[in-house]
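A.B. asks: Predicted model, plus sequence, below.
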Amino acid sequence: MKKIGFIGCGNMAGAIIGGIISSGLLKKEEIMGAEIFEAARKNVAQKFEIEVTDDNKKLATESEIIVLSVKPQFYVEVIEEIRPIISKDTIVLTIAPGFSLDKLAGLFAKGQKIIRAMPNTPALIGEGMTAVCPNKNITSDELEWIKKLLASCGRVEVVKEYMMDAVVSASGSAPAYVYIMIEAMADAAVMDGMPRAKAYQFAAQAVVGAAKMVLETGKHPAELKDAVCSPAGTTIEAVRVLEEKGFRSAIIEAMRACADKSHRMA
């Protein structure tokens, strides 16, 4: 029997598959992918050397864990297709916003074991942040196993379901905000004479380093910010302008809009 099957073999599925294989948690023979697009099937088969199919029912029959990694608009169709086939002991892992545990339970309608997960795109390079939320049918051992699988491509935290909209805004969608900031930082450096390639490198590494300082020192971000702001120096002048232009408020409002959109999708 296949250990884990991915319905949909896009970037996020590829990130998780790659992480699982690299970690050695499962053998390639224990991973299967289902994808309707031939080019995507061939790409996954060649890249990871796993079995692929265009038959979701075949995958559902042979998998103990099924990852629904298709776009949210295809969830209902896929679930209706595999629902009569899978066992109630099959674990279904979802990675899309807009589908609560109650909504998913209603679609499966058989006491299914379900875990909601919200990863983000840095999982593609092993630096993802994933939130997981199990339903009551998932045992503690099963939850720990899913956490191990997802930890193969980054950090994993269990959250209450009411937090999932906040997870979308703080993590799932957040790389886009950071990319905009890096691009703006690089643009400013270019204005001051730095070649663009170097500008992206300096800006991106500053973000990486700052993030690691937060995670590894355990210090409050305000404390770390204050440590950079010398009296009458350049940094505090930049911070003054950011506050004047509403930088902090813009981020908060953007994230609230993101979370509200996620909530409305449910």
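C.D. replies: Perfect, thanks for sending it. Residues are numbered from 1 along each chain as shown.
A.B. asks: Please count neighbours and contacts with C-alpha atoms only from this point.
C.D. replies: OK.
A.B. asks: I'd say G154 and L124 touch.
C.D. replies: No. G154 is beyond contact range of L124, at 9.1 Å (criterion: Cα atoms under 8 Å).
A.B. asks: What's the local residue count around A206?
C.D. replies: Close neighbours of A206, defined as other Cα atoms under 10 Å, add up to 13.
A.B. asks: measure it to M181 for me?
C.D. replies: To M181, A206 is 11 Å away according to Cα to Cα, to the nearest Å.
A.B. asks: quick one, what contacts the nearest residue to A117 once chain neighbours are set aside?
C.D. replies: Closest residue in space to A117, ignoring its immediate chain neighbours: V132 at 4.3 Å, by Cα to Cα, 6 or more residues apart in numbering. By Cα atoms under 8 Å, 6 or more residues apart in numbering, the residues touching V132 are I115, R116, A117, M118, K147, V156, E157, V158, V159.
A.B. asks: Break down the stretch 101-250 of the chain into its helices, ranges please.
C.D. replies: 101-108, 140-151, 164-167, 174-191, 196-217, 221-228, 234-244, 247-265 (DSSP state H, counting those that start in this stretch).
A.B. asks: Export these as a markdown table, with columns for mean pLDDT.
C.D. replies: Conversion of these to a markdown table gives the following (pLDDT from 0 to 100):
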| stretch | mean pLDDT |
| --- | --- |
| helix 101-108 | 94 |
| helix 140-151 | 96 |
| helix 164-167 | 96 |
| helix 174-191 | 98 |
| helix 196-217 | 98 |
| helix 221-228 | 98 |
| helix 234-244 | 98 |
| helix 247-265 | 95 |
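A.B. asks: Of these, give the one that comes closest to D89.
C.D. replies: Closest to D89 of the helices of the stretch 101-250 of the chain, according to Cα to Cα: helix 140-151, at 10.6 Å.
A.B. asks: if we take the contacts of V132, which one ends up nearest to A259?
C.D. replies: Among those, M118 lies closest to A259 (Cα to Cα), at 13.0 Å.
A.B. asks: The closest one contacts V168, correct?
C.D. replies: Yes. The pair M118 / V168 is scored as a contact, 7.0 Å apart, by Cα under 8 Å.
A.B. asks: closest to I36 out of the helices of the stretch 101-250 of the chain?
C.D. replies: Taking Cα to Cα, helix 101-108 is the member of the helices of the stretch 101-250 of the chain nearest to I36, at 21.8 Å.
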